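**Q** What follows is a predicted protein model with its sequence.
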Amino acid sequence: MCSNNLPIPSKNKELEYLKLELKALEERLQKLSETAYEYKHIIDEFNIEKNLRLGSLVEKVLNLRKQIFDKNPANKEYAQSAEEYIKFTREYAKAIKIERFELKENDKKELKKLYKQSVKLCHPDIVANEVKKQAHEIMQELNNAYSKNDLKKIKEILSGFQNGNGFKLASDSIDDKELLKSRIVETKYAIDVVLIKITRLEKDDTFILVNSIENVDDYFSNMKAELEREYENLCESED
C-alpha cells in the first residue's frame, strides 16, 4: 500500500533545510536590526539638533521657572521646575560635548548605505559562536561611528571586511543538526526582541514628532519664537 505521509528527508536534506531556515532568519534579523538602529539614529539626531539650536534658551526658561517657584513654593505650575532644570542641564551638558561630524546630504546617504553593508558582515547574533565577542566589539564601534556621523570610521571598518577580515555566519559554519536547531531558536528570539524594540521606537514621542514635521528649520524657528515669548512672560511675572 502507498503511504499518504510525506517522505522523510534524508539526513543531508534535513541539514540543508535547517541551514536554509537559519540563513533566512539571519537575513531577517539583519534587516530588522538596521531598521531599529536607523529609528534610534533619527531620534538621537533630532535631540542633538534640538539641543544645539534651542538648548541654551530652554535652559534659561527652566532656570527662570525654578527661580519663580523658589520664591513662591505654592505655585503648583512650577512645582517640578527644579527637578526639570537639574535634569535638563545635565543632559544638555552631555549633548554639547558629543563629537559629531557635519555631513552633506550625499554623505549622509553614503553613511547609511555603508552602515547597512557593514551590519550584514558583523552582526553578533548571526556570526559563528567563536567570533561573537569580536563581532560585538566591532558592532559597537560601528554603531558609535554611525551615531557620530563618522563616515571615515565606517569606511575603515567596511574596508577591513572587504580585505578578508569578515566573519562567517552561523548558517555557513554549523554542520550539526542539533546545533542548527538551537541556533534557529536563538535567532527567532533575537528577532522577537528587535521587533519589540522597533515597536517601542515607533511609539516614541520624538520619533512621532519627527515624522510629522514637514520642515525642520521652520519647526525650530517656531519653537525658538515660543520659548522667547515664554521667557519674556516669565520675566514680567517675576517683576
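**A** Done, it's in.

**Q** quick one: contacts of the lowest-mean-pLDDT helix or strand in the chain?
**A** Least confident helix or strand of the chain, by mean pLDDT, DSSP states H and E, is helix 81-95 with a mean of 75. Residues outside helix 81-95 that contact it (CB atoms under 8 Å, 6 or more residues apart in numbering): 47-48, 51-52, 55, 58-59, 62-63, 65-66, 68-70. Bear in mind the C-beta positions are built from the backbone N, C-alpha and C, glycine included.

**Q** Take these and keep only those in helices.
**A** 47-48, 51-52, 55, 58-59, 62-63, 65-66, 68-70 (DSSP state H).

**Q** Any chance of these in JSON lines with neighbour count and pLDDT as columns?
**A** Output for the ones in helices among the contacts of helix 81-95, formatted as JSON lines (neighbours: other CB atoms under 10 Å; pLDDT from 0 to 100):
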{"residue": "47", "neighbour count": "14", "pLDDT": "85"}
{"residue": "48", "neighbour count": "18", "pLDDT": "83"}
{"residue": "51", "neighbour count": "20", "pLDDT": "84"}
{"residue": "52", "neighbour count": "15", "pLDDT": "83"}
{"residue": "55", "neighbour count": "19", "pLDDT": "86"}
{"residue": "58", "neighbour count": "22", "pLDDT": "86"}
{"residue": "59", "neighbour count": "16", "pLDDT": "85"}
{"residue": "62", "neighbour count": "21", "pLDDT": "83"}
{"residue": "63", "neighbour count": "17", "pLDDT": "84"}
{"residue": "65", "neighbour count": "23", "pLDDT": "80"}
{"residue": "66", "neighbour count": "18", "pLDDT": "79"}
{"residue": "68", "neighbour count": "17", "pLDDT": "77"}
{"residue": "69", "neighbour count": "19", "pLDDT": "74"}
{"residue": "70", "neighbour count": "12", "pLDDT": "75"}
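
**Q** what's the farthest-apart pair in the residues you listed?
**A** 48 and 70 (30.6 Å; CB to CB).

**Q** Please give the number of neighbouring residues around residue 173.
**A** Counted with other CB atoms under 10 Å, the neighbours of residue 173 add up to 14.

**Q** hang on, the earlier thing: among the ones in helices among the contacts of helix 81-95, which one lies nearest to residue 161?
**A** residue 48 (28.2 Å).

**Q** count of neighbours near the closest residue to the closest one other than its chain neighbours?
**A** Once flanking residues are discounted, residue 48 sits nearest to residue 95: 6.0 Å by CB to CB, 6 or more residues apart in numbering. Residue 95: 18 surrounding residues under other CB under 10 Å.

**Q** Same check on the one 4 residues further on?
**A** When counting by other CB under 10 Å, one arrives at 7 neighbours for residue 99.

**Q** Test my guess that residue 153 contacts residue 141.
**A** Yes - if you go by CB atoms under 8 Å, residue 153 and residue 141 touch, sitting 7.3 Å apart.

**Q** Now the least confident helix or strand of the chain - C-alpha only, PDB.
**A** The C-alpha trace of helix 81-95 is given here as PDB (Å, rounded to 0.1, in the frame of the first residue of the first chain):
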ATOM      1  CA  SER A  81      10.800  73.200  37.800                       C
ATOM      2  CA  ALA A  82      13.800  72.500  40.000                       C
ATOM      3  CA  GLU A  83      13.900  68.800  39.000                       C
ATOM      4  CA  GLU A  84      13.400  69.600  35.300                       C
ATOM      5  CA  TYR A  85      16.100  72.200  35.400                       C
ATOM      6  CA  ILE A  86      18.700  69.900  37.000                       C
ATOM      7  CA  LYS A  87      17.800  67.000  34.700                       C
ATOM      8  CA  PHE A  88      18.000  69.200  31.600                       C
ATOM      9  CA  THR A  89      21.200  70.900  32.500                       C
ATOM     10  CA  ARG A  90      22.900  67.500  32.900                       C
ATOM     11  CA  GLU A  91      21.600  66.200  29.600                       C
ATOM     12  CA  TYR A  92      22.400  69.500  27.800                       C
ATOM     13  CA  ALA A  93      26.000  69.500  29.200                       C
ATOM     14  CA  LYS A  94      26.500  65.900  27.800                       C
ATOM     15  CA  ALA A  95      24.900  66.700  24.500                       C
END
